[in-house]
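# can you look at this prediction? I've put the sequence above it.
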Amino acid sequence: MKVALISAHHHAIPVSEMGAVLVVSPHPDDETLGCGGLIGICARAMYPLSVLAMTNGEASHPGNEVWRNALSKIRQREQRNALKALGIPNPDIIQLGLPDGELNQISEARREQTLDLIRDVIRSRNIKSLFLPAIDDRHADHREAAKLLVEAVRSCPVTYVFSYQIWPPATRPRQVSVNERAYTLDVSAVLPAKRTAVEQYRSQLGFTEPTHTEGFRMPQALLDEKLRDQECFALILDLSAWSA
Ligand SMILES: [Zn+2]
């Protein structure tokens, strides 16, 4: 049987027909939590897949500039290791290096530059399917990442645009708008790899320097939700209705 995303009405989108995939990750870990199963499935079949890392996640644990730089490096390494754990020996990660926690505060010039970069990525890799954070995700960086991608993709159309939800940790389909159709993907075959990938994010699981333990730690509810045998996505049906 073909591995496919399946809607409630049994409409199927085979992963083999999605073309080159771009997973958009506002912070290192979002790609694995939201799409780790999909990534693992693509890796097994050797389908082309790239990850757009919007930030390096340097703000998850507060500290001075030296600490932020160190954390940025730690999280970049964790992301690479997570993708390796999912079966991609040489992951294609495009790092935009935008400011963590401040995606919606970048200057107009940097925004335009970022949009150009994103369009370049989509065109140069012949991306056909996008996986974005949900535009109504509770985290402002996730919403802003979605807005940027929706804007970029208007001038270089792709075949499928899906969204995935991180915050609050809840299974889609929850309230999918009229402009979306919910799909689920059975990821049970790659769940052990996804679990190992999540475990690479030690900095987000409480294993940080003792002086910085006051920072973010993935809540158990998030881990429980994201380590299920199904991943849920919402296919965006009409991008023009998603004007930011
Ligand atoms: Zn995030």
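Thanks, I have the structure now.

# quick check: pLDDT value at the residue of the chain found nearest the ion.
With Cβ to the ion, the shortest gap between the chain and the ion falls at H27, namely 3.6 Å. For every residue, glycine as well, the C-beta is placed using N, CA and C. Per-residue confidence (pLDDT) for H27: 97.

# torsion angles phi and psi at it?
phi -130, psi 150 (degrees, to the nearest 10).

# burial check on it, number of neighbours?
29 (other Cβ atoms under 10 Å).

# contacts only, for it.
54-55, 57, 60, 75, 100, 141 (Cβ atoms under 8 Å, 6 or more residues apart in numbering).

# buried sites along the longest helix along the chain?
Determined from DSSP state H, the single longest helix within the chain is helix 65-85. For helix 65-85, burial by neighbour count (16 or more other Cβ atoms under 10 Å) applies to 67-68, 70-72, 74-76, 78-85.

# and that helix, does that touch the ion?
No - Helix 65-85 lies out of reach of the ion by Cβ under 5 Å from the ion, never closer than 10.8 Å.

# centre of the chain versus whichever helix or strand comes after that helix, how much separation?
Following helix 65-85 in sequence order, the next helix or strand is strand 92-98 (DSSP states H and E). Relative to the centre of its chain, strand 92-98 is centred 12 Å away, using Cα atoms, centre = their mean, to the nearest Å.

# tell me the angle strand 92-98 makes with helix 65-85.
If you take axes from the mean of the first three to the mean of the last three Cα atoms, to 10 degrees, strand 92-98 sits at 160 degrees to helix 65-85.

# which parts of the helix or strand that strand 92-98 is followed by are buried?
Note on strand 92-98: by DSSP H and E, the next helix or strand toward the C-terminus is helix 108-124. Judged by neighbour count (16+ other Cβ under 10 Å), helix 108-124 contains these buried residues: 111, 114-115, 118-119, 121-122.

# can you list those in CSV and add pLDDT and distance to the ion?
Listed next are those as CSV, based on pLDDT from 0 to 100; distance: Cβ to the ion, whole Å:
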residue, pLDDT, distance to the ion
R111, 97, 19
T114, 98, 17
L115, 97, 20
I118, 98, 17
R119, 97, 23
V121, 98, 19
I122, 97, 21
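
# any regions of the chain where pLDDT drops low?
In the predicted model, the chain carries pLDDT under 70 at residues 1, 171-176, 208-213, 242-244.

# how about the residues of it near the ion?
Residues of the chain lying near the ion by Cβ under 5 Å from the ion: 26-27, 30.

# and if we set it to 8 Å?
Counting by Cβ under 8 Å from the ion, the residues of the chain close to the ion are 25-27, 29-30, 57, 133, 139, 141-142, 166-167.

# show me those that map onto strands.
In strands, judged by DSSP state E, the following of the residues of the chain next to the ion are found: 25, 133.

# so what's Y164 up against?
Applying Cβ under 8 Å, 6+ apart to Y164 gives the contacts 34-35, 131-134, 172, 231-234.

# oh, I was asking about V121
V121 sits next to 22, 50, 52, 94, 127 when contact means Cβ under 8 Å, 6+ apart.

# give me that answer again for 6 Å
Residues near V121 by Cβ atoms under 6 Å, 6 or more residues apart in numbering: I94.

# and if you look at Q105?
Contacts of Q105 by Cβ under 6 Å, 6+ apart: none found.

# look up the closest residue to R80, ignoring the ones flanking it.
P91 (6.0 Å; Cβ to Cβ, 6 or more residues apart in numbering).

# my guess is that neighbour contacts L83, does it?
Yes - the criterion here is Cβ atoms under 6 Å, and P91 meets it with L83 at 3.7 Å.
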